[in-house]
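J.: Structure for the following, please:
(one chain, ligands or ions: 2)
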Amino acid sequence: MPKVLKCDPTSISFDNDGRPRITSQYTRAALRLASRRLHDLQPVAFPTETVYGLAAIALNPEAASRIFSTKGRPADNPLIVHVSSQSMLHSLLPPHFTIPPSYQTLIDAFWPGPLTLLFPTDISKIPSIITASHSTVAVRMPSHPVARALIAVSNAPLAAPSANSSGKPSPTRAEHVFRDLNGKVGLILDGGPCDIGLESTVLDGLHHDGNIRILRPGGITVEQIEEALRLAHSGHSIPRVLVHRRDFVDDAIEQAPTTPGMKYRHYSPAIPVTLLRATSHPPAGANSISPSTLLASLKSSTVANPPPKVGLLAPSESALAKKLLQDPVIQWHRYTLGSLSEMSIIAQRLFDGLLSLEQEGVDLILIEEVPEENEGLAIMNRVKKAASETCWIVPNSL
Ligand code: AMP
Ligand code: MG
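T.: Ligands and ions are numbered 1, 2, ... in the order given. Coordinates of the predicted model:
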C-alpha cells in the first residue's frame, strides 16, 4: 500500500528566485522524503494545481522510464518537464536559444500556472525518453506550492504526467491516485483537491510565422492568452492564437500525434460514457433523438440490468437533466457539475464526477455538453475523448 503523507500548501511560500520557505514541520518532512525517493529513482505522486502528477527526475532516463511502466503509458507520448524557477528553465534550454517575446509575455502572465510551452530540445541535456525523440521539449512551472516546493527541494526538474493508469480520467484528489495506482506507487503526497482540475494548456509558439498554436486546450484559456498578448503587443503585430483542429490542422501532428487523445482513447472510466448534445447543431446526416427515445433506449439496453443505474453529469441549470431525472424507472446517480455561469467549477469537478460515478458502480454515464468557449473548450476536449458515443437531442423537445 502506498504511504500517503499530508502536506499543507498554505505553509509554503517562495522568494523571488523560487526558493521555498516551509513553516510546517510535517510538510517539510514529507517533501524531504519525497525528494529522497525521487533521487532513488522511485516515482512519487504529488498534487499540482491542474491534476495529481506522477513525478520522476526528468534528466534521468531510468527514473523517467518508471513513469511509463507505472502508468502503462505508450512510449511515443512525451512528458512535460516541470521547473520551479525561470533559472531552472534556462538551465534546460540550448545555449544559443533566446526566449521569443511572445513566450516572455506568456511566462510573465501565467507562470507559475497551468501553461506548458514547447522549447527546442538540447539532446545533450534532455533524455529522448522525455521528448519521445521530438525536436522540442514541453516545460511548465506549476503554481501548486507542494509541486513547486518538491521540484525546488529536489533541486531537479521533474517529469510529471497525470498520476493515473494511461487512458483513465486524471486524478484530482489523493484518493483517486490511491485507488488507481495502489500497489504501483510507493508514496502519495496529499495536498487536497486540485483547483483547476484539468491538465495544462500546451502551446507551441516556435513557428516562423510568429503565431501561437494551442496543441491542447487546458487550464489557461485561449481568451486569456489572447488578452495577455494583446496587452503586451499593443501597437505591434499581435500573434494569432490558433487552436489545433479548430483553426489549423497539421499533417505532422496527425501522422505522429503528440497531443494526448489524438491517437489513444483518453480520460475514460471503465464504463461507457455517452455525450449528450442538446444545444449545438448536429452535423449533416446525424440523427437527433428526443429525451423520451433516449430514456427508452437506456431502459432496453442489454448492458444494464433492470433497473439501469445511470450516472448523469450535467450543469445545475440543465433542462435536459431535469427532464431525464423525471423518469422513475431508471436509478439515477446525479453528479452536479456546477453552474454554466461558473465554468471553472465545472472544469474542476469534471474528472471527479467521472471517477465518483464509476466508483458508485453505475452502468453508464451520460454527460451533457457545455459551450466551447473559455474553460468550455478544454472541458469539451476532455469530454469528447472520454465519450465512446455522441447522442444529439432534439432541441425543441426540452
Ligand atoms: P500529460 O500527459 O498531461 O502530462 O501531458 C503530456 C502532453 O504534453 C503530451 O501528451 C503532449 O500532448 C504534450 N507534449 C509533451 N511534450 C511535447 C512535445 N515535445 N511536443 C508536443 N507536445 C508535447
Ligand atoms: Mg494524463
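J.: Quick check: the gap between the residue nearest the centre of the chain and residue 156.
T.: By C-alpha atoms, centre = their mean, the chain has its centre lying nearest to residue 199, at 1.9 Å. Computed with C-beta to C-beta, to the nearest Å, the distance linking residue 199 and residue 156 is 22 Å. C-betas here are computed from N, CA, C, even on glycine.
J.: go on, residue 271?
T.: On the measure of C-beta to C-beta, residue 271 and residue 156 end up 39 Å apart.
J.: So which of the two has more stuff around it?
T.: Using other C-beta atoms under 10 Å, the more surrounded residue of residue 271 and residue 156 is residue 156, with 22 against 17.
J.: ok, and what's touching the helix or strand that contains residue 21?
T.: Following DSSP states H and E, one finds residue 21 within strand 20-22. Residues from elsewhere that reach strand 20-22, judged by C-beta atoms under 8 Å, 6 or more residues apart in numbering: 11-15, 28, 31, 84, 145, 148-149, 152-153.
J.: give me that answer again for 10 Å
T.: 7-8, 11-15, 27-32, 84, 145-146, 148-153 (C-beta atoms under 10 Å, 6 or more residues apart in numbering).
J.: Let me know the next secondary structure element after that strand.
T.: In N-to-C order, the element after strand 20-22 by DSSP H and E is helix 25-39.
J.: Flag every buried residue along the next helix or strand after that next one.
T.: As assigned by DSSP H and E, the chain's next helix or strand after helix 25-39 is strand 44-46. Using 16 or more other C-beta atoms under 10 Å as the test for burial, strand 44-46 gives 44, 45, 46.
J.: Just give me the closest of those residues to ligand 2.
T.: residue 45 (12.6 Å; C-beta to the ion).
J.: which ones are touching that closest one?
T.: Per C-beta under 10 Å, 6+ apart, neighbours of residue 45: 2, 4, 34, 52-55, 70, 160, 162-164, 171, 174, 176-178, 180-181, 184-190.
J.: Let me know the distance separating the closest residue in space to residue 61 that isn't next to it in sequence from residue 73.
T.: What sits nearest to residue 61 in space, not counting adjacent residues and going by C-beta to C-beta, 6 or more residues apart in numbering, is residue 127, at 4.0 Å. Noted for residue 127: a distance of 15 Å to residue 73, by C-beta to C-beta.
J.: which ones are touching residue 164?
T.: With C-beta under 10 Å, 6+ apart, residue 164 has these contacts: 45, 51-54, 71-73, 170-171, 176-177, 179-181, 267, 351, 355.
J.: What about those residues, which are in helices?
T.: 71, 176, 177, 179, 180, 181, 351, 355 (DSSP state H).
J.: Let me see the contact set for the closest residue to the fourth one other than its chain neighbours.
T.: Right, residue 179. Nearest residue to residue 179 in three dimensions, chain neighbours excluded: residue 359, at 7.5 Å (C-beta to C-beta, 6+ apart). For residue 359, the contacting residues are 175, 176, 179, 269, by C-beta under 10 Å, 6+ apart.
J.: ranking the residues you listed by neighbours, who comes first?
T.: Neighbour-wise, the contacts of residue 359 (other C-beta under 10 Å) top out at residue 176, 27 neighbours.
J.: Now do the closest residue in space to that one that isn't next to it in sequence, the pLDDT please.
T.: The shortest distance from residue 176 to any non-neighbouring residue, by C-beta to C-beta, 6+ apart, is to residue 355 (5.4 Å). We have a pLDDT of 97 for residue 355.
J.: now the nearest residue to residue 47 once chain neighbours are set aside: how far from ligand 1?
T.: In space, residue 47 comes closest to residue 191 once its chain neighbours are excluded; the distance is 3.4 Å by C-beta to C-beta, 6+ apart. As judged by C-beta to the nearest ligand atom, to the nearest Å, residue 191 and ligand 1 stand 18 Å apart.
J.: Could you shift the numbering so residue one becomes 32, and keep it that way?
T.: Happy to do that; since the first residue is 32 now, the last one works out to residue 222.
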